[in-house]
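**Q** Sequence and predicted structure, then a few things I'm wondering about:
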Amino acid sequence: MMQRFIPATRVLSETKYSLRWQRRRCFSQVAQMEVDNKDGIVPKMPPFDYSPPPYNGPSAAEILSKRKEFLSPSLFHFYSKPLNVVDGKMQYLFDENGRRYLDAFGGIATVCCGHCHPDVVDAILNQTKRLQHSTVLYLNHAIADFAEALDNKLPGYLKVVFFTNSGTEANELAMMIARLYTGCHDIISLRNAYHGNAAGTMGATAQSNWKFNVIQSGVHHALNPDPYRGVFGSEGEKYAKDVEDLIQFGTSGNVAAFISEAIQGVGGIIELAPGYLPAVYSTIKKAGGLCIADEVQAGFARTGSHFWGFEAHGVVPDIVTMAKGIGNGIPLGAVVTTPEIAEVLTRRSYFNTFGGNPVCTAAGLAVLNVIEREKLQENAFVIGSYLKERLTALKDKYDLVGDVRGRGLMLGVELVTDQKLKTPAKPETLHVMDQMKEIGVLVGKGGFYGNVFRITPPLCFTKEDADFLVDAMDYTMAKM
């Protein structure tokens with residue numbers, strides 16, 4: 001069984017990792033070193049031996065026109081010139097012209113093994129050829145095999161799995177289970193949290209730009225234990241006192257659950273202050289509630305030091321939700337809890353047509369096998385530590401960089417125009433993103449103010465990739 005954590009004593013200079021895709025290299029015909037007569041040398045993209053087949057589909061302009069005509073106007077896109085992605089291989093993406101980009105966003109922390117990893121692709125194709133879909137009303141080994149494999153990755157009595165299609169669905173189900181089990185309605189979430197956009201999860205989400213004016217009852221939002229912007233800095237236990245106050249003055253004294261991420265993803269890669277989760281979990285237990293760990297983004301080895309984000313805080317939740325990295329891009333989510341808690345869903349009929357689909361669960365099992373065989377958790381730890389160290393050096397070099405945070409390959413870089421006031425540098429963030437794309441690096445952005453780079457690449461990221469990313473950011477900031 002794969003270890004769930006990497007010892008903190010691991011020497012960070014350890015950069016010898018054995019991924020087969022790193023040993024096969026040649027120079028790409030695009031995005032290599034170019035000389036800018038005015039500003040010196042543009043950073044060089046690492047070599048890679050894959051060239052995509054010719055693309056004969058519609059252009060970016062044609063696709064954008066169709067999106068505007070046929071898709072929801074709520075859809076938005078990155079970049080002043082939207083990117084038309086037509087091919088992917090491991091940590092790289094390719095546009096309609098065959099140009100290669102380093103993907104440091106990973107489809108929003110979703111692609112963990114690498115784009116089109118052959119083992120995952122083979123699992124999907126083989127299962128699709130044999131049986132694409134039936135129903136959980138019949139037996140099939142794929143769902144049972146994957147559930148057993150997930151059980152082996154989780155501590156304690158977390159062994160009963162409910163499969164869903166997304167993180168929102170998983171969190172929605174977890175909240176309902178907690179309410180049924182405890183007989184209470186009140187749930188405590190954190191300010192700045194994002195847990196989904198359905199009826200219940202929108203209530204748990206606590207950023208106004210992700211919330212519509214619809215009924216969202218029974219959720220109380222506690223102070224966010226944000227070490228950078230929070231009122232108590234890194235003193236986790238002081239933030240935890242607010243949860244006690246919410247229970248005493250905002251509820252009947254009993255609650256259904258507390259839900260949180262270990263590292264807030266959409267919120268801007270905010271790692272909860274040390275000591276916070278143990279104190280809050282204790283408070284919630286005394287109030288009769290369950291503790292829900294949202295591992296949609298931080299789970300599946302992304303943080304490097306541990307397989308699950310909550311493990312870094314020394315706690316064991318009652319319910320764990322997961323999605324994104326679980327399927328490397330396949331629509332798949334899950335809720336895992338104890339046998340006792342799981343029993344509540346037998347009071348009525350609970351059913352999910354596509355939850356546990358054989359193709360999706362076959363892909364999920366392949367993902368777990370790749371993470372273990374290719375030592376991707378170790379790679380996330382070693383390369384993530386190196387990348388964070390290099391990004392932190394930019395903080396010392398540029399006043400624009402207010403904070404560098406996160407762990408493993410779930411990192412955030414917050415840009416500010418004033419170090420003391422921490423004034424969000426939103427236009428500057430967009431500018432740097434655009435310019436990095438022109439060099440060949442794709443990063444995400446998040447945070448309430450939209451001024452945090454979200455760096456969540458595939459876990460096969462290399463030291464050379466890390467250097468290229470930081471060099472591109474450095475080069476861009478130096479020209480501002």
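**A** Yep, that arrived. Since this is a predicted model, take the numbers as computed values, not measurements. Numbering: from 1, shown residues only.
**Q** Okay, now the unreliable bits of the protein?
**A** Applying pLDDT under 70 to the chain picks out residues 1-40.
**Q** Please, where are all the strands along the stretch 101-250 of the chain?
**A** Listed in chain order, the strands of the stretch 101-250 of the chain (DSSP state E, counting those that start in this stretch) span 160-164, 187-190, 219-222.
**Q** Of the ones you listed, which stretch is the most buried?
**A** Among the strands of the stretch 101-250 of the chain, ranked by average contacts under mean count of other C-beta atoms under 10 Å, first place goes to strand 187-190 (a mean of 27). Just so you know, the C-beta spots here come from the backbone N, C-alpha and C atoms, and that holds for glycine as well.
**Q** That one pairs with which strands, and in what direction?
**A** strand 219-222 (parallel), strand 257-260 (parallel) (DSSP bridges).
**Q** residues making contact with that strand?
**A** Strand 187-190 has contacts (C-beta atoms under 8 Å, 6 or more residues apart in numbering) with 175, 178-179, 195, 203-206, 218-225, 243, 246-247, 255-260, 264, 284, 289.
**Q** if we can go back for a sec, next, format the strands of the stretch 101-250 of the chain as CSV and append distance to residue 51.
**A** Compiled in CSV, these are given as follows (distance: least, C-beta to C-beta, whole Å):
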stretch, distance to residue 51
strand 160-164, 37
strand 187-190, 45
strand 219-222, 49
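**Q** which stretch among the ones you listed comes nearest residue 386?
**A** Closest to residue 386 of the strands of the stretch 101-250 of the chain is strand 187-190 (C-beta to C-beta; 29.9 Å).
**Q** C-alpha coordinates for the closest one, PDB please?
**A** Extracted C-alpha coordinates of strand 187-190, given in PDB (Å, rounded to 0.1, in the frame of the first residue of the first chain):
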ATOM      1  CA  ILE A 187     -23.700  23.500   9.300                       C
ATOM      2  CA  ILE A 188     -20.600  25.600   9.800                       C
ATOM      3  CA  SER A 189     -18.300  26.600   6.900                       C
ATOM      4  CA  LEU A 190     -15.500  29.100   6.500                       C
END
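**Q** and that strand, how far out from the chain's middle?
**A** In terms of C-alpha atoms, centre = their mean, to the nearest Å, the gap separating the centre of strand 187-190 from the centre of its chain is 20 Å.
**Q** and if you look at stretch 293-300?
**A** Computed by C-alpha atoms, centre = their mean, the chain-centroid distance of stretch 293-300 equals 7 Å.
**Q** hey, where'd the helices end up in this protein?
**A** Using DSSP state H, the helices of the chain run over residues 20-23, 60-70, 106-109, 118-130, 141-151, 167-182, 199-204, 236-250, 276-286, 339-342, 358-373, 376-397, 426-439, 463-478.
**Q** hmm, who's touching the third one?
**A** Taking C-beta under 8 Å, 6+ apart as the criterion, the residues outside helix 106-109 that touch it are 112, 265, 297, 302, 324-325, 329, 410, 444, 454, 456-458.
**Q** 6 Å instead?
**A** 297, 324, 456, 457, 458 (C-beta atoms under 6 Å, 6 or more residues apart in numbering).
**Q** What of the fifth one?
**A** Applying C-beta under 6 Å, 6+ apart, the external contacts of helix 141-151 come out as 159, 161, 356, 358, 361, 362, 364, 365, 368.
**Q** do you know how far the closest residue to residue 294 other than its chain neighbours is from residue 239?
**A** Distances taken as C-beta to C-beta, 6 or more residues apart in numbering put residue 261 closest to residue 294, at 4.6 Å, once the chain neighbours are dropped. Shown here: residue 261 relative to residue 239, a distance of 15 Å by C-beta to C-beta, to the nearest Å.
**Q** Residue 43 is in contact with residue 474, isn't it?
**A** No - counting by C-beta atoms under 6 Å, residue 43 does not reach residue 474; the two are 8.0 Å apart.
**Q** Pick out whichever of those two has more residues nearby.
**A** Taking neighbours as other C-beta atoms under 10 Å, residue 43 and residue 474 compare with residue 43 leading, 21 against 17.
**Q** how close does the more buried one get to residue 435?
**A** 11 Å.
**Q** Make JSON lines from the helices of the chain and add distance to residue 318 to it.
**A** Output for these, formatted as JSON lines (distance: least, C-beta to C-beta, whole Å):
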{"stretch": "helix 20-23", "distance to residue 318": "38"}
{"stretch": "helix 60-70", "distance to residue 318": "41"}
{"stretch": "helix 106-109", "distance to residue 318": "24"}
{"stretch": "helix 118-130", "distance to residue 318": "31"}
{"stretch": "helix 141-151", "distance to residue 318": "15"}
{"stretch": "helix 167-182", "distance to residue 318": "8"}
{"stretch": "helix 199-204", "distance to residue 318": "16"}
{"stretch": "helix 236-250", "distance to residue 318": "16"}
{"stretch": "helix 276-286", "distance to residue 318": "9"}
{"stretch": "helix 339-342", "distance to residue 318": "6"}
{"stretch": "helix 358-373", "distance to residue 318": "22"}
{"stretch": "helix 376-397", "distance to residue 318": "24"}
{"stretch": "helix 426-439", "distance to residue 318": "37"}
{"stretch": "helix 463-478", "distance to residue 318": "37"}
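**Q** Many thanks, have a good one.
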